[in-house]
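**Student:** please work out how this folds:
(3 chains)
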Amino acid sequence: MDSVADTRTIELRVNGKAYSRPAPVRMTLSDFLRHELKLTGTHVGCEHGVCGACTILFDGRSARSCLMLAVQANGHEITTVEGLANGKDMHPLQAALSDHHGLQCGFCTPGMLTTLVELLNDNPSPSAEDVRVAISGNLCRCTGYEGIVAATLDAAQKMRAGAGGRS
Amino acid sequence: MSGRIVGQSVERLEDRALLRGEARFVDDISFPGMWHVAFVRSAHAHAMILGVDVSAALDVPGVHAVLTMADLEPHLSDRLLRVALPSPAYRQELHRPVLADREVVHVGEAIAAVIADSRYIAEDAAALVMVDYDPLPVVSDCRDAMAENAPRAHRDAPHNLAAEFDMGYGDCDEAFAKAAHVFRENYWQHRGVAQSMECRGVVAALEPMSDVLTMWSSTQTPHAGKRVLCGLLGRDEDKLRVVTPDVGGGFGPKLVFYPEEAVVALAAQIYGHPIKWIEDRREHFVSTTQERDQHWDMEIAVDAQGQILGLRGTLLHDHGAYTARGVNVAYGSAAAITLPYVIPAYQLDIKLVVTNKVSVTPIRGAGQPQAVFVMERLLDRVARELKIDRAELRRRNLVAGAQIPYKTPLKTRGGMQVVLDSGDYPACMAAALERAGWEDFPRRQAAALAKGRHIGLGVANYVEGTGRGPFEPVSVRVAENGRIHVASGAAAMGQSTKTMLAQVVAEQLGCDMSNITVVAGDTGAIELGMGGFNSRQAVMAGSSAHAAALKVRQKALHVASHMLQVGEQALEIEGTAVRLKGGGAQVELAEVAKAVAGLPGYYIPGNVEPGLQATEHVIINDMTYANGTCVVEVEVDAETGLVRVSRVVFAHDCGRVLHPKIVEGQIIGGIAHGLGNALFEWMGFDENAQPVSTTLAEYLLMSSTEMPPPIEILHLESPSPLNELGIKGVGESGVIPMTAAVASAVEDALAPFGVSIAKVPINPPDLISLIHGASQEMRA
Amino acid sequence: MKPPPFSYHDPETLEQAVELLATLDNAKALAGGQSLMPMLNMRFVLPDHVVDLNRVSELSGIRRNGQTIEIGAMTRQRDLEFSSEIATACPLMSEALTHVGHRQTRNRGTIGGSLCHLDPAAELVCVAAALDAVVEVVGPNGRREIPFAEFPAGYMSPAIDFTELVSRVTFPVWPRETGHAFVEFSRRHGDFAIVSAAAMLLLDGAGRVSRAVLALGGVGAVPLRMHDVEAALIGQAPTAELIRRVSETCRTVEAVGDVYVPASYRQHLACVMSRRALETALSRADRSAAAA
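**Tutor:** The predicted structure follows:
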């Protein structure tokens, strides 16, 4: 960690839980979440804002956490992949990704999920093309995206029908 | 023949943790107060190192050490990583140093390791390490490297030839002399980067009580890594453990042992302190191995009907700066090119050329995509010249179903004969063509052209060698609580290895996937292992898992029959119990396991060896050959050169399918990778071998919006006779025919302009030049 | 790839921000961070101070003011994308925004940040050039307005002092009857354009072009206004042949080449994209209600 002079205490809520932690001002939000709060579900794939693996929800909006400083999250609300399931019940998107083999190595999955949660909040009835555009900033080297698109359409349908998650 | 679990798309064992953010990738491993490494890497493609001044870096608060080769050497048995696979083809030794200290031979080569409290501080200090370079002439393009006056990629090397060999059979001279037609072409497939979404990474820690050094590495080959490390560090086998945690994609390069693994493990040993290094994306571009740069100069001889008489030429393979694996990629290319077709005479001269670029080792496909690209391009040329339909020409030359098993005159790198063991290639191609509407396409194409649209259809066949032997061990053990523990030398990197092993075992031991725990890729869990590469793990580890599970099953039934006082034939294993078929009396697997654990002074029921467990190393030396046909439809914007892939039909045969969704996932992922190679992925180097594409904004991966509509996959199942389960590998299938099929389709779409594609990736500026009548630029 | 050390400041008012930039040495203003943060992570920039503008709320907002629309520099691209005000008053920008990066980057990225970064291939830069936006800048000596034509000093270099901040961008509102089009060629959805074209066409009662704009992004070191093409269109009946002919003149535009794309290809695309933009703009122009 850097010297105290360049450190600030950051107060924020992550997945509904309040945290107060010191962090170097130059630390990225992704590193802060992963290494200071030990929420390692958010992954770091490129650190230059292209791959989307580090996507989180910042005050409900998707953002690349490698392109934010931790100190910028002071006073804000963050949702990471760890905050999507309701206890043992997985979010419908999580369940659908498993059903449709929308993940293989799973490294891009947290960023896909947070991005898609925002999409379905904004647009509960997306077309396949809407889903493709929504995840166009999330790179996946394993799946060819097909299972992810299918899973999202399936989850959207189930969410519209009011079906819950899966434990 | 499907089972209740095998052959079914059961829920993957891996999914839940991955979806909930609870998986453990290497960067998720941490120890209190852990130190972090940043490497100082060469800025030059070729230079002598006159000196390294670490003093300013050492002065940075929070820095613990700056290690160069001089610091490491006293602790190492060898300066070099001698990991090259054996071959008589080498013309010089090109082992990588653990750290470069005399000469650097590619941009990104590691020179020093800065160890600090955080990666941030380590990077601050790394910028202050002053390396005094004396730049040397550079070999950037492998075509220039063999010239008499070419500079040497390694200063003291006699030449730039890493290895050379030839492959062939039959009488090519005669074949070409009597041929009705001979066509000659030059082809080039460009270099790419694996770009697993997770870069590489290493964590190492010494456990002081036991003196066991543990290295967690995102490696595809933990057992091989352990062997290398034990040798380098002089540690006993029981004092070193290598673990592959969850891996965020491998795609080949993670099978290689890397200098960073040696440095981080050694540093943890020296300081007795846990240490982590995580490769960042920029490092991935200059330090993780790459593949595909090959130049082929080929001739094909055919008779008047297009029957192939002979194939000959030369292959110039860019080997990169070091031998980090072997001659295997070029060998794989040379051995793959003929496979789907009956080719009476074949002669290929192969040269592996040293350049001042990142070392070349397999990436998904491992030389085979290039070979298929060349073969299929040649066939398209023949079809065009002879005015034979491209599919018809292929039909005339494919190995016929009745010829299988087809003994080719080729040998694998280990000297085993290449025998195409099962499949029906013409039937496979016919299925793909029919689904794609091949016969009707000229009508659609003409209608589109009348509206100014250029659509095209392309086809490519491949045969892939899978299941590289000789073995992959698996142990199956029923614990005394009834839980089934499976351990394997196989390593998982996203391809569902744990699910695959659990399926094979569950099929024999109760069909309850939730009762199975799989450890894959931990040298502490099983003694031997090879790891994940060459589409081998389902074939090799799957076969061992099957054998081990059968043994445990037989033992469980035998012991239970004594415990229940009934015949073995009357028993079955269902869920967590052995029971009378159809229900009734039963004994839990846990009870059986306890019974065979033994009690002092008592017989073990059934007089069996103690322990409800078995370890199997099923040996299969011959490779099993998967095959397939890909048909691609494209639309080309003739004004901009943009190629849109509008449809992909993929018919394939990987023998018996263990898990349909996983198989399809592997294929689609491979197709995406192959489409990237065909249209987007370009790892550029300038004339000084400086990389020019070093971010993911410059090196373009397939994104969701560029993928075609859902890919149409047709499964043919010709079980392999080489293993009990009848399976073949599938992890690389998707990628192999893609550049060939896309090139064929683009050429078809642009037939009105007479465009001829000889190089991939196909990029829009190139296509516009071709449309305007130029020939394809064959220089970078 | 971790940011270098720096001191961090997060002023809450524009006045404080200007004061900080004026007094701190080697300070860098941080807007949406979608360009600066990658450059920090790669250590392409090494500031001693980062002045974060994200708490300066007065810098955000969209306001229609008669025949202009004023946009605070820190207004997020996403807010522009979903603004009905922008959709009505500046549909060219709405169309351009669909090409800007991805949802995650637009959620953070700002219009002021994009204009100051001044990537010649950036969509909002091309729109500002097309519409003759006016950039308001605040510095130690107060406010000044810079017509966008004078804003680029060179490749990725705005003509503002390092003590100055862009505070607001003003766009003129064109008549409702105007036809607009923003088209671009990029390798993948969301990538920077290799070449983009923004066109605006207004027809008179006789169906002749009364006002015309054509701007090209990605071609040169700075965004280009094709004044000769505009002049050649004005007063003319916009036939397909005319559009084809004037677009073809873009072939001689000065273009940059790089390792991915030769200059000649950019020139070729300049013609194609110009034609497509003008054709689309024409198809959207209201011929019947010609501006009186």
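
**Student:** what sits against the residue of chain A found nearest chain B?
**Tutor:** For chain A and chain B, the shortest gap (C-beta to the nearest C-beta) falls at residue A:41, measuring 2.0 Å. Yep, even glycine has a C-beta here, placed from its N, CA and C like the rest. By C-beta atoms under 8 Å, 6 or more residues apart in numbering or on different chains, residue A:41 lies in contact with A:80-82, A:110, B:20-23.

**Student:** one more pass at 6 Å, please.
**Tutor:** Contact partners of residue A:41, counting by C-beta atoms under 6 Å, 6 or more residues apart in numbering or on different chains, are A:80-82, A:110, B:21.

**Student:** got it, and residue B:133?
**Tutor:** By C-beta under 6 Å, 6+ apart, the contact list for residue B:133 reads B:44, B:47.

**Student:** what about it, which helix or strand?
**Tutor:** Per DSSP states H and E: residue B:133 is located in strand B:130-135.

**Student:** leaving out the residues flanking it, which one is nearest to residue B:506?
**Tutor:** The shortest distance from residue B:506 to any non-neighbouring residue, by C-beta to C-beta, 6 or more residues apart in numbering or on different chains, is to residue B:5 (4.7 Å).

**Student:** using the three-state scheme, assign the one you found.
**Tutor:** Here residue B:5 is recorded as coil under DSSP: H, G, I helix; E, B strand; the rest coil.

**Student:** residue B:713 contacts residue B:651, correct?
**Tutor:** No: counting by C-beta atoms under 6 Å, residue B:651 is not a contact partner of residue B:713; they are 7.7 Å apart.

**Student:** picking up where we left off before, ok, how many other residues are close to the residue nearest to residue B:506?
**Tutor:** Close neighbours of residue B:5, defined as other C-beta atoms under 10 Å in any protein chain shown, add up to 22.

**Student:** distance of it relative to residue B:617?
**Tutor:** Plainly put, residue B:5 is 23 Å away from residue B:617 if you go by C-beta to C-beta, to the nearest Å.

**Student:** again with residue B:165
**Tutor:** Residue B:165 is 31 Å from residue B:617, where distance means C-beta to C-beta.

**Student:** go on, residue B:603?
**Tutor:** For residue B:603, the distance to residue B:617 equals 30 Å [C-beta to C-beta].

**Student:** settle it for me: which of those two has more neighbours?
**Tutor:** residue B:617 (19 against 10).

**Student:** how near is that one to residue B:725?
**Tutor:** Using C-beta to C-beta, one gets 16 Å for the distance from residue B:617 to residue B:725.

**Student:** and residue C:149, by the same measure?
**Tutor:** Look at residue C:149 and residue B:725: by C-beta to C-beta, they are 71 Å apart.

**Student:** who has more neighbours out of these two?
**Tutor:** Using other C-beta under 10 Å as the criterion, residue C:149 and residue B:725 rank with residue B:725 on top: 23 against 14.

**Student:** before we move on, the earlier item: give me the element the residue of chain A closest to chain B is part of.
**Tutor:** Secondary structure assignment for residue A:41, by DSSP H and E: no helix or strand.

**Student:** name the nearest residue to it, sequence neighbours excluded.
**Tutor:** In space, and not counting its chain neighbours, residue A:41 is closest to residue B:21: 2.0 Å by C-beta to C-beta, 6+ apart.

**Student:** that neighbour against residue A:84, yeah?
**Tutor:** No: with contact defined as C-beta under 6 Å, residue B:21 does not count as touching residue A:84 (8.1 Å).

**Student:** ok, how many other residues are close to residue B:486?
**Tutor:** By other C-beta under 10 Å, neighbour count at residue B:486 equals 27.

**Student:** list phi and psi for it.
**Tutor:** Backbone torsions of residue B:486, given as degrees, to the nearest 10, read phi -120, psi 130.

**Student:** returning to what we had before: so what's the residue nearest to residue B:506 up against?
**Tutor:** By C-beta under 6 Å, 6+ apart, residue B:5 lies in contact with B:503, B:506-507, B:511.

**Student:** ditto for residue B:153
**Tutor:** Contact partners of residue B:153, counting by C-beta under 6 Å, 6+ apart, are B:105, B:139, B:160, B:354-356.

**Student:** on that earlier part again, can I get the strand holding residue B:133 in PDB? Just the C-alpha atoms.
**Tutor:** What follows is strand B:130-135, C-alpha atoms only, in PDB (Å, rounded to 0.1, in the frame of the first residue of the first chain):
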ATOM      1  CA  MET B 130      18.100   1.100 -15.800                       C
ATOM      2  CA  VAL B 131      19.000  -1.400 -18.400                       C
ATOM      3  CA  ASP B 132      22.000  -0.500 -20.600                       C
ATOM      4  CA  TYR B 133      21.300  -2.000 -24.000                       C
ATOM      5  CA  ASP B 134      23.500  -2.300 -27.000                       C
ATOM      6  CA  PRO B 135      21.000  -2.800 -29.800                       C
END
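
**Student:** no further questions, thank you.
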